[in-house]
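Peer 1: Provide a 3D model corresponding to the input given below.
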Amino acid sequence: MSAIYADHGSEAFNARMHDVCLRIGADVENALGSNFVALILGGGYGRGEGGVIRVDGVEKPYNDLDFTLLVKGKNSVPWDKLDAISEHYEAEIHIDVDFSRPLTVHDVETWPHWLMWYDLLNGHIVTKGPSDVLTAHAPAGLKETLPPIEATRLVLNRGAGLLWALRVVRGAEKKPDADFTRRNYYKCILAMGDGLLIAHQRFATPYRGRDDRLTRLEADASEVAAFELGALYHEALRFKFQPDVLPDAQVEEDQLKDLARRWGEIFLHIEKIRTGRNWDSLTEYSRWGGLREVEQHAIKNLPRNLIRSKQMGFFSWKYPRERLYRQLPVLLGLTDQTALDWPAESGRFLKIWDRFN
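Peer 2: Below is the predicted model:
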């Protein structure tokens, strides 16, 4: 019996995806030999909620295939063979096939309480290997309510994607692909809603039903209802599941700027909940010199922070992500501060973000 990779896709589509994933699993196991433990599909298809589009009447996958690789030893992974596997199947199914950095079972046993591991534990398909390899080894605490910092990190990351989209529409860099701007627009909307759900302890991994959760939150919290995100969030879910059901219209700069304004309001709301502080504006938030992620600044982490900042071309005892929290509202035009050279400063921001997101 085939697994479900897209619950809104046909039985034939899911059967084709299952066949591809089984073949990928067999090829990866063969490439790794005795070092292989398991190959696990996460992301939308791992949850059974992957994107589907129709091309000339034929259902095609839209999202990437995101695989987590479990091995016995992380230093003997033949990346040349894995790259060849990726290239082979990307040519066949026309989406990216990505393998994570290798993990061991011990890594799974010590997973921190992060959204990425929470979602993987609660929505995955074991393509090859023991079917309970995650559920048997992941920390029990990972199933508990997510810590508020995960809302902050999620919204920050998608805000960075929004900044990237602005760079594209303003001509600061080339569009990576035809649907890049629209995809990042909707990803940011989803992250804003998900961040609110995490901050208000209403979050669950399945995307199906998240719009209902957000609707109930809006009914219970007038400050959330004031953001008027519900209809946009529902539209973003439609795009996630079936991108071609929405008009194939380009997202213009004015739409991105309007979304940035809404992003700023929601980001500040989440940070107020998380920290218990009451900044009056994003200008005040950006100028606040306190630590956003205190746990990254324990004494044992200070040498690491110094090394990481030096690698990025500056000197600081703070973890490099601290800069991002202060800079993004400025670069999105949400404060009374102005970026003197926006193309250069936004480019540097994204370089740090890409390294430390």
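
Peer 1: Need the residues that contact the helix or strand hosting L256.
Peer 2: When elements are assigned from DSSP states H and E, L256 belongs to helix 253-275. With contact meaning CB atoms under 8 Å, 6 or more residues apart in numbering, helix 253-275 is reached by 148-149, 151-152, 155-156, 158-159, 162, 165-166, 169-170, 181, 185, 188-189, 192, 195-196, 199-200, 223-224, 227, 229, 277-279, 281-282, 285, 292, 329, 332-334. C-beta here means a position set from N, CA and C on the backbone, and glycine is covered the same way.

Peer 1: Enumerate the positions of that helix that are buried.
Peer 2: Using 16 or more other CB atoms under 10 Å as the test for burial, helix 253-275 gives 255-256, 259-260, 262-271, 273-275.

Peer 1: pLDDT (mean, whole number) over it?
Peer 2: Helix 253-275 carries an average pLDDT of 97.

Peer 1: Also stretch 301-310?
Peer 2: When pLDDT is averaged over stretch 301-310, the result is 86.

Peer 1: Restricting to C-alpha, output it in CSV.
Peer 2: The C-alpha trace of stretch 301-310 is given here as CSV (Å, rounded to 0.1, in the frame of the first residue of the first chain):
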residue,chain,number,x,y,z
ASN,A,301,29.3,29.8,24.0
LEU,A,302,31.3,33.0,24.0
PRO,A,303,34.4,31.6,22.2
ARG,A,304,32.1,30.1,19.5
ASN,A,305,30.3,33.5,19.1
LEU,A,306,33.6,35.3,18.7
ILE,A,307,34.7,32.8,16.0
ARG,A,308,31.4,33.0,14.2
SER,A,309,31.3,36.8,14.1
LYS,A,310,34.9,36.9,12.9
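
Peer 1: G44 contacts N63, correct?
Peer 2: Yes - using CB atoms under 8 Å, G44 makes contact with N63 at a distance of 4.8 Å.

Peer 1: Looking at these two, which has the bigger crowd around it?
Peer 2: Taking neighbours as other CB atoms under 10 Å, G44 and N63 compare with G44 leading, 23 against 19.

Peer 1: any idea how far the more buried one is from Y89?
Peer 2: 17 Å (CB to CB, to the nearest Å).

Peer 1: same check, this time on Y185
Peer 2: 28 Å.

Peer 1: Weed out the non-buried ones from the contacts of helix 253-275.
Peer 2: 148-149, 151-152, 155-156, 158-159, 162, 165-166, 169, 181, 185, 188-189, 192, 195-196, 199-200, 224, 227, 229, 282, 285, 292, 329, 332, 334.

Peer 1: Any stretches of the stretch 101-250 of the chain with poor pLDDT?
Peer 2: Scanning the stretch 101-250 of the chain for pLDDT under 70 picks out no residues.

Peer 1: In it, what residue spans correspond to helices?
Peer 2: 105-109, 115-122, 149-169, 180-199, 210-220, 222-225, 230-241 (DSSP state H, counting those that start in this stretch).

Peer 1: Ok, which of the ones you listed comes nearest E322?
Peer 2: helix 149-169 (11.1 Å; CB to CB).

Peer 1: just to revisit the earlier point, show me whatever sits in contact with both of G44 and N63.
Peer 2: Jointly contacting G44 and N63 under the rule CB under 8 Å, 6+ apart are 50-51.

Peer 1: Could you break this structure into its assigned domains?
Peer 2: Domain ranges of the chain: 11-143, 149-356, per automatic domain parsing.

Peer 1: So for M1, what's the pLDDT?
Peer 2: 54.

Peer 1: What distance do you get for R47 to M312?
Peer 2: As defined by CB to CB, R47 lies at a distance of 34 Å from M312.

Peer 1: hmm, back to that, centre of the chain versus the helix holding L256, how much separation?
Peer 2: Centroid displacement of helix 253-275 relative to its chain, using CA atoms, centre = their mean, to the nearest Å, is 17 Å.

Peer 1: Which helix or strand lies directly C-terminal to that helix?
Peer 2: Next along the chain after helix 253-275, taking DSSP H and E as the criterion, comes helix 282-287.

Peer 1: and that next one, what other elements does it pack with?
Peer 2: The helices and strands touching helix 282-287, judged by 3 or more CB pairs under 8 Å, 6 or more residues apart in numbering; DSSP states H and E, are helix 253-275, helix 321-331.
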